[in-house]
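>>> Sequence first, predicted model second:
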Amino acid sequence: GENVEQHPSTLSVQEGDSAVIKCTYSDSASNYFPWYKQELGKRPQLIIDIRSNVGEKKDQRIAVTLNKTAKHFSLHITETQPEDSAVYFCAPLGDSGYSTLTFGKGTMLLVSP
Amino acid sequence: DTGVSQDPRHKITKRGQNVTFRCDPISEHNRLYWYRQTLGQGPEFLTYFQNEAQLEKSRLLSDRFSAERPKGSFSTLEIQRTEQGDSAMYLCASSFPRNGELFFGEGSRLTVL
């Protein structure tokens, strides 16, 4: 199955700073790379995703970049706000093993006002 | 349709008892997934259905766990002879095939005493 690692496990920033979370994966056949946000006590929700034929995707203050050669993709959040505080999970979809998402252990982002 | 719904939201049981959780997916979605999430971890895949067919089961799913989706609509997850290690949040999600995005329910929290 897919091995997924996220770094860092926790990230504290000041409001307005940028935050970057990196996800490495093992399955070179992975072809779909989403990021989910889970606020405290809430359900995980998709915030952005990218497919393997694209290197970068942006949606307002968030972006995802993909390096298929190195088998990692990253979540970038600019101009962070307190409401960005949550746990973020990467969940690459491999082409072997299970045909469903394998979630990382998560990165807790804390944005201080 | 208000999204994926799960019932009950909380269940406290004694070790050795059986419990059953229900999930009602978004009506147009033909894929349904069960995940388990413990504190500080990402969701772990348990099993998934396409329509009424159970297509994959995780190696994590012991023979005490069984899931059904009899008419391709709602699903149930039953845990027999519960153990303290079964204490977790059980998340259900649904999706369209080939889309990738999972829509999660609020989860069913199980506490085994």
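Yep, that arrived. Note that the structure is a prediction, hence the values are computed from the model and not measured.

>>> only C-alpha atoms for contact and neighbour calcs from this point on.
OK.

>>> Only alpha carbons, please: show stretch B:6-22 as PDB.
Extracted C-alpha coordinates of stretch B:6-22, given in PDB (Å, rounded to 0.1, in the frame of the first residue of the first chain):
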ATOM      1  CA  GLN B   6     -24.400   9.100  10.200                       C
ATOM      2  CA  ASP B   7     -26.300   7.600  13.100                       C
ATOM      3  CA  PRO B   8     -25.700   7.400  16.000                       C
ATOM      4  CA  ARG B   9     -23.300  10.300  16.600                       C
ATOM      5  CA  HIS B  10     -22.100   8.800  19.800                       C
ATOM      6  CA  LYS B  11     -22.200   5.300  21.200                       C
ATOM      7  CA  ILE B  12     -20.900   4.100  24.500                       C
ATOM      8  CA  THR B  13     -20.800   0.400  25.000                       C
ATOM      9  CA  LYS B  14     -19.300  -2.200  27.200                       C
ATOM     10  CA  ARG B  15     -16.600  -4.500  26.000                       C
ATOM     11  CA  GLY B  16     -18.000  -7.600  24.300                       C
ATOM     12  CA  GLN B  17     -21.200  -5.900  23.100                       C
ATOM     13  CA  ASN B  18     -22.100  -5.600  19.400                       C
ATOM     14  CA  VAL B  19     -22.700  -2.100  17.900                       C
ATOM     15  CA  THR B  20     -24.000  -1.000  14.500                       C
ATOM     16  CA  PHE B  21     -23.600   2.300  12.700                       C
ATOM     17  CA  ARG B  22     -25.600   3.600   9.800                       C
END
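
>>> in it, what counts as buried?
Neighbour counts using 16 or more other Cα atoms under 10 Å in any protein chain shown place B:6-7, B:9, B:13, B:15, B:19-22 of stretch B:6-22 among the buried residues.

>>> the strands in the chain, which residues?
Using chain A. A:4-7, A:10-14, A:19-25, A:32-38, A:45-51, A:56-59, A:62-67, A:72-77, A:86-90, A:107-112 (DSSP state E).

>>> right idea, wrong chain: chain B
Remark: strands assigned in chain B by DSSP E are B:5-7, B:10-13, B:19-24, B:31-37, B:44-50, B:53-57, B:65-68, B:75-79, B:88-95, B:103-104, B:108-112.

>>> Close to chain A: what parts of chain B are there?
Counting by Cα under 8 Å from any Cα of the partner chain, chain B comes close to chain A at B:40-45, B:56, B:100-107.

>>> Quick check, central residue of chain B?
residue B:34 (3.4 Å; Cα atoms, centre = their mean).

>>> which residues does that residue form a beta bridge with?
residue B:47, residue B:92 (DSSP bridges).

>>> Please report the distance of it from residue A:52.
Noted for residue B:34: a distance of 26 Å to residue A:52, by Cα to Cα, to the nearest Å.

>>> Who are the contact partners of residue B:76?
Neighbouring residues of residue B:76 by Cα atoms under 8 Å, 6 or more residues apart in numbering or on different chains: B:20-23, B:67-69.

>>> Identify the farthest-apart pair in those.
Farthest-apart pair in those is B:20 and B:69; separation 13.0 Å (Cα to Cα).

>>> which residue sits closest to residue A:64 in space, ignoring its chain neighbours?
Closest residue to residue A:64 apart from its sequence neighbours, by Cα to Cα, 6 or more residues apart in numbering or on different chains: residue A:75 at 4.7 Å.
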